[in-house]
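Visitor: Here's my sequence, what's the structure:
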Amino acid sequence: MLRFFRTLRQRFLNENKFNKYLLYAIGEIVLVVIGILIALSINNWNENLKNKKLETSYLKRIYEDLDTDLLQYESTINKAQERNKRVLFLESAIKDSQLVHKSSDYFLKSIVYANYTYRPAISNHSFEELKSSGRLALIENEVLRVSIAKYYDLEFSYSQFDFLREDVQIKYNEYSRGILNQEQLNWVITTYYFPDSASNISKKELDDVYHRFLSKSEFHSIFPQVFESKYSTIEAMDDSKKQAEKLKREIQDELTPRTNY
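Guide: Got it, this is the predicted structure:
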């Protein structure tokens with residue numbers, strides 16, 4: 001083909017047909033430009049397809065991370081609610097020794113477990129990879145991109161208050177020290193792995209524990225703070241849960257039309 005064009009061009013020059021040669025030259029330039037534009041279009045199309053596949057992959061991974069987060073939130077809420085029940089039980093036990101004798105194992109466990117609390121670390125690996133690699137702009141839907149960033153920013157802002165919960169936990173552990181002896185503590189820890197394990201504590205031992213429990217007025221004074229800490233955790237987890245569910249819906253709406261990626 002190129003040989004044909006060279007021959008045709010040479011013939012025009014030899015025959016001194018400048019006008020025809022000029023038209024031919026312009027046509028040749030146009031063909032070259034068209035070829036370049038087609039090549040660029042194909043390259044852009046391939047690049048856009050690659051980016052779209054990459055965007056879809058990241059969105060699916062974030063969607064899966066949100067599923068993991070939701071399980072964590074639900075678990076944390078349930079545990080915080082159960083531990084607040086233990087706090088209320090301990091408050092009631094101060095005035096009612098019968099509660100202790102009727103539920104001795106629950107009483108012993110509550111002294112240790114009532115303060116256990118934590119805020120789970122969210123699954124943000126996919127988002128951090130997306131952000132640190134400078135690929136956040138891959139998510140073309142600006143509203144969705146902002147929603148994703150807000151979700152992870154919100155989780156980070158909540159984590160800034162972890163020190164308050166940790167301070168309450170440290171004080172609780174300090175004030176409760178000495179109520180249970182080492183053997184009783186070992187049994188409580190064992191029940192974490194073997195929940196059905198019975199304490200077999202004698203009435204005298206239980207009375208001694210209860211007496212030490214009653215003597216710890218400083219320990220009693222921190223119960224409201226422990227309860228409030230758990231309640232705040234429940235509220236925060238519930239809000240995070242709603243945000244995660246909302247973001248999941250937005251991602252699902254974005255992914256649903258994509259059957260070819």
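Visitor: residue ranges with poor pLDDT in the stretch 151-261 of the chain?
Guide: 258-261 (pLDDT under 70).
Visitor: at 50 what do you get?
Guide: Scanning the stretch 151-261 of the chain for pLDDT under 50 picks out the ranges 261.
Visitor: now the strands: where do they sit in it?
Guide: Ranges of strands within the stretch 151-261 of the chain: none, based on DSSP state E, counting those that start in this stretch.
Visitor: quick one, helices of it?
Guide: Taking DSSP state H, counting those that start in this stretch to define them, one finds helices in the stretch 151-261 of the chain at 162-176, 182-193, 203-215, 217-221, 223-255.
Visitor: repeat for the stretch 1-150 of the chain
Guide: Using DSSP H, counting those that start in this stretch, helices in the stretch 1-150 of the chain cover 2-14, 18-95, 97-102, 104-113, 125-132, 142-159.
Visitor: Can you check which of these gets nearest to residue 168?
Guide: With Cβ to Cβ as the criterion, residue 168 lies closest to helix 18-95 of these, at 11.3 Å. Any C-beta I mention is one placed from the backbone N, CA and C, and that applies to glycine too.
Visitor: pLDDT on the closest one, on average?
Guide: For helix 18-95, mean pLDDT rounds to 82.
Visitor: hang on, the earlier thing: mind checking which of the helices of the stretch 151-261 of the chain is nearest residue 93?
Guide: Proximity to residue 93, assessed across those by Cβ to Cβ, is greatest for helix 203-215 (7.4 Å).
Visitor: Taking their axis directions, the closest one and helix 162-176 sit at what angle?
Guide: Between helix 203-215 and helix 162-176, the angle comes out at 130 degrees (axes from the mean of the first three to the mean of the last three Cα atoms, to 10 degrees).
Visitor: what packs against helix 203-215?
Guide: If contacts are counted by 3 or more Cβ pairs under 8 Å, 6 or more residues apart in numbering; DSSP states H and E, helix 203-215 sits against helix 18-95, helix 97-102, helix 104-113.
Visitor: Comparing the helices of the stretch 1-150 of the chain, which comes out most buried?
Guide: Burial of those is given as mean neighbour count (mean count of other Cβ atoms under 10 Å); helix 104-113 ranks first at a mean of 20.
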